[in-house]
Structures are given as structure tokens and as C-alpha cells.
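> Sharing a model prediction with you, sequence too.
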Amino acid sequence: MPNYRFDWAIVTSGKHFDWIDSGLYVTMKLSVVSIALSFLVGLVIAMMRRSHIPPIASRSDTLRFPLTSIGNGSEDRIIL
């Protein structure tokens with residue numbers, strides 16, 4: 001199929017625009033929720049690390065190491 005050309009009229013015609021519109025809406029909603037949750041988790045862990053109460057400060061490392069090793073396994077991916 002080297003001579004195939006995508007027909008953009010199908011996308012912009014409105015027949016399938018509802019699917020694209022709803023998919024974009026769901027993607028944006030999931031992105032906002034995940035950014036907000038990651039910010040809150042990071043803020044809680046940062047506040048725990050700065051705590052002067054030893055049990056709370058030590059528990060922050062318990063939470064930090066599994067979260068930082070997500071991905072390629074390196075613990076320096078997320079710097080808190």
C-alpha cells in the first residue's frame with residue numbers, strides 16, 4: 001500500500017467527530033486527575049521527610065523508595 005492516502009474528510013465530517021471529542025475529553029480528564037494526585041502524594045511525602053518526628057520521617061523513605069523505582073528500577077528518577 002505505498003500509494004495510500006489518509007482521507008481526513010472522514011475525521012472532520014462529524015460522523016466520527018463525537019468519538020474523537022469524547023476520547024480527547026476523557027484523556028484530558030485523566031491527565032488532570034493523575035497530575036493532581038501525583039502532586040498531592042509528592043507533597044505528603046515531602047512534608048513527611050521534613051518532619052522532626054522520627055517515626056514519620058522514617059516512614060517517608062518507606063513510601064519514597066517504591067515510588068521512585070517505578071520505571072527502569074533506578075531510585076534517582078524522582079528527586080524529592
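Ah, there it is.

> State the number of residues packed around residue 63.
Neighbour count of residue 63, defined by other Cβ atoms under 10 Å: 15. In this view, the C-beta of every residue, glycine as well, is placed from N, C-alpha and C.

> In contact with it, which residues?
By Cβ atoms under 8 Å, 6 or more residues apart in numbering, residue 63 lies in contact with 45, 48.

> Quickly find the element holding it.
Following DSSP states H and E, one finds residue 63 within helix 54-68.

> Residue 4 too?
Here residue 4 is assigned to no helix or strand, by DSSP H and E.

> just the one 10 residues further on next, same as before
Assigned by DSSP H and E, residue 14 belongs to no helix or strand.

> and what of residue 35?
Secondary structure assignment for residue 35, by DSSP H and E: helix 17-49.

> Pull out the buried residues from that helix.
By 16 or more other Cβ atoms under 10 Å, the buried positions in helix 17-49 come out as 45, 48-49.

> Of those residues, which is the nearest to residue 6?
residue 45 (45.6 Å; Cβ to Cβ).

> isn't that closest one right up against residue 60?
Yes. Contact criterion Cβ atoms under 8 Å: residue 45 and residue 60 qualify, at 5.4 Å.

> Would you mind giving the buried residues of helix 17-49 as TSV with distance to residue 10 added?
Formatted as TSV, the buried residues of helix 17-49 follow (distance: Cβ to Cβ, whole Å):
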residue	distance to residue 10
45	47
48	52
49	53
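
> Looking at those, which is nearest residue 56?
residue 48 (5.3 Å).

> Tell me how far the residue nearest to the closest one when sequence neighbours are not counted lies from residue 21.
Closest residue in space to residue 48, ignoring its immediate chain neighbours: residue 60 at 3.7 Å, by Cβ to Cβ, 6 or more residues apart in numbering. Taking Cβ to Cβ, to the nearest Å as the criterion, residue 60 is separated from residue 21 by 42 Å.
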